[in-house]
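1. all I have is the shape, not the residue letters:
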C-alpha cells in the first residue's frame, strides 16, 4: 500500500515566489518521522528538512518550512523566495522501521 | 570526508553480464543503505547494513542481487545476469544510527543501463 502520496503534476513557479508541495502519508504508528529531499538532475538526493511526529512546532530550515497537519496526515513543503537553483524533483519520505519510504515526487521548474 | 561516494557514476552493460557497484559512506556512519530508483519513481529500499551485518533485505532484492560490507566501511552491490528491468539509478545512503534531524546522506548514485 502506498505510504506516501505526492500527486501534483509538474509545477512552474516564478522566481522569488513561494511554492507549496503537497504530501500525505499513511501510518498507524504513533512515532514516525517525515523528510523532504531535493533531487536535481545530477541525481543526488539532498536532505532538506525533517519533522518528527511529536514535534509541536513546524520544522523550518532557511527558505524551507514544513506545514505539518498531523490529524490530516499531511506534511507539505513550502519553499519561499524561489531561486533558479530550486528547479528539481522533490521527494517526501517517511521513516518506517529502518528504511525510508518515498513518494513519487514533485517536479518543480523555477522560471525567471 | 566530503560525503557518500559511489562508483561508477554510469554503467552500460549487456544483458546477462554481471556488474558491481561500490559505495563509500561517511566514515563515522555505521549504517549503510542501498536504494533503487526507476524513471518517474521515488527511491525504493533494497537493503541496509549496520556495521558489517546485513540486517534487512527487501523483496525487491532477488537472488541475482548481493550486497556486502565486509569491514563495516565501504559496500558493494553486485547484480548477476543483468536484465533490462535492472536499468535504474542505484543510490547509496549512510547514517549514524537512526538519524532524525540530519536525515540520511545520499550519494550521487550509479546509473545502470542494460542493453
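-> It's in. Every value quoted in this text rests on a predicted model; they were computed, and no experiment measured them. Numbering: from 1, shown residues only, chains lettered A, B, ... in the order given.

2. helix, strand or coil for residue B:85?
-> helix (DSSP: H, G, I helix; E, B strand; the rest coil).

3. and the contacts of the lowest-mean-pLDDT helix or strand in chain A?
-> Lowest by mean pLDDT, DSSP states H and E among the helices and strands of chain A is strand A:99-102, with a mean of 91. Contacts to strand A:99-102, defined as CB atoms under 8 Å, 6 or more residues apart in numbering or on different chains, come from residues A:3-4, A:35, A:37, A:91-95, B:33, B:35, B:42-45, B:48, B:56, B:104. Using the backbone N, CA and C atoms, a C-beta is placed for each residue, glycine as well.

4. need the buried ones from the residues you listed selected in PyMOL.
-> Selection of buried members from those for PyMOL, criterion 16 or more other CB atoms under 10 Å in any protein chain shown:
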select buried, (chain A and resi 3+4+35+37+91+92+93+94+95) or (chain B and resi 33+35+42+43+44+45+48+104)
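
5. which ones among the contacts of strand A:99-102 lie within helices?
-> Among those, DSSP state H puts none in helices.

6. ok, back up a step: which element follows the least confident helix or strand of chain A toward the C-terminus?
-> strand A:106-111 (DSSP states H and E).

7. that next one and chain B, are they touching?
-> No. Using CB under 8 Å from any CB of the partner chain, strand A:106-111 never reaches chain B; the gap is at least 9.7 Å.

8. now that strand, how far from the chain's geometric center?
-> 13 Å (CA atoms, centre = their mean, to the nearest Å).

9. could you do stretch B:64-71 as well?
-> So, by CA atoms, centre = their mean, the centroid of stretch B:64-71 is 10 Å from its chain's centroid.

10. again, but for stretch A:40-52
-> 9 Å.

11. ok so residue A:85 is a helix residue?
-> Yes. Assigned with three-state DSSP, residue A:85 falls within a helix.

12. gap between it and residue A:25?
-> 27 Å (CB to CB, to the nearest Å).

13. ok, these two, which is more surrounded?
-> Comparing residue A:85 with residue A:25 by other CB atoms under 10 Å in any protein chain shown, the one with more neighbours is residue A:25, at 20 against 9.

14. just the strands in the chain please.
-> Reading this off chain A. Assigned by DSSP state E, chain A shows strands spanning A:4-5, A:11-14, A:19-21, A:24-25, A:33-39, A:46-52, A:60-61, A:64-69, A:74-79, A:88-96, A:99-102, A:106-111.

15. switch to chain B, please.
-> Secondary structure of chain B (DSSP E): strands located at B:5-7, B:10-13, B:19-24, B:31-37, B:44-50, B:53-57, B:65-68, B:75-79, B:88-95, B:105-106, B:110-114.
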